[in-house]
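**Student:** have a look at this fold, sequence not included:
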């Protein structure tokens with residue numbers, strides 16, 4: 001699976017997991033140099049799994065809050081602990 005934004009590969013892995021319709025990539029397979037921590041909102045702080053969103057960057061372009069990770073996942077999300085999910089402007093393909 002790959003996560004693409006504006007033709008740039010953000011993540012590439014044969015070892016992904018799908019949870020609730022979202023594909024998660026192991027952190028080691030993600031181009032973390034293209035992500036920037038997004039400020040936490042009140043909704044983020046209320047998340048029981050300790051969500052952390054990331055902005056996706058490419059030169060001057062930015063896709064705000066298009067990636068996320070669970071930093072303190074409960075039992076249901078434990079399999080994707082610290083893995084990265086993508087959505088909105090980021091395309092995930094097989």
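**Tutor:** Great, that's in hand. Quick caveat, the model's predicted, so the values are computed rather than measured.
**Student:** and the residue of the chain positioned farthest from its centre, how far from residue 6?
**Tutor:** Largest separation from the mean C-alpha position in the chain: residue 60, at 20.0 Å (C-alpha atoms, centre = their mean). Distance of residue 60 to residue 6, computed by C-beta to C-beta, to the nearest Å: 11 Å. All C-beta spots, glycine's among them, are computed from the backbone N, C-alpha and C.
**Student:** cool, and residue 44?
**Tutor:** Distance, residue 44 to residue 6, using C-beta to C-beta: 25 Å.
**Student:** next one: residue 61
**Tutor:** Counting by C-beta to C-beta, the gap from residue 61 to residue 6 is 6 Å.
**Student:** strands along the protein, start to end?
**Tutor:** With DSSP state E as the criterion, the chain has strands at 2-5, 8-12, 17-19, 22-25, 35-37, 51-58, 61-70, 84-86, 91-93.
**Student:** circling back to that earlier point, overlap of the contact sets of residue 61 and residue 6?
**Tutor:** Among the neighbours of residue 61, none is also in contact with residue 6 (C-beta atoms under 8 Å, 6 or more residues apart in numbering).
**Student:** single out the most deeply packed of the strands of the chain.
**Tutor:** Mean neighbours per residue, mean count of other C-beta atoms under 10 Å, is largest over the strands of the chain for strand 84-86, with a mean of 25.
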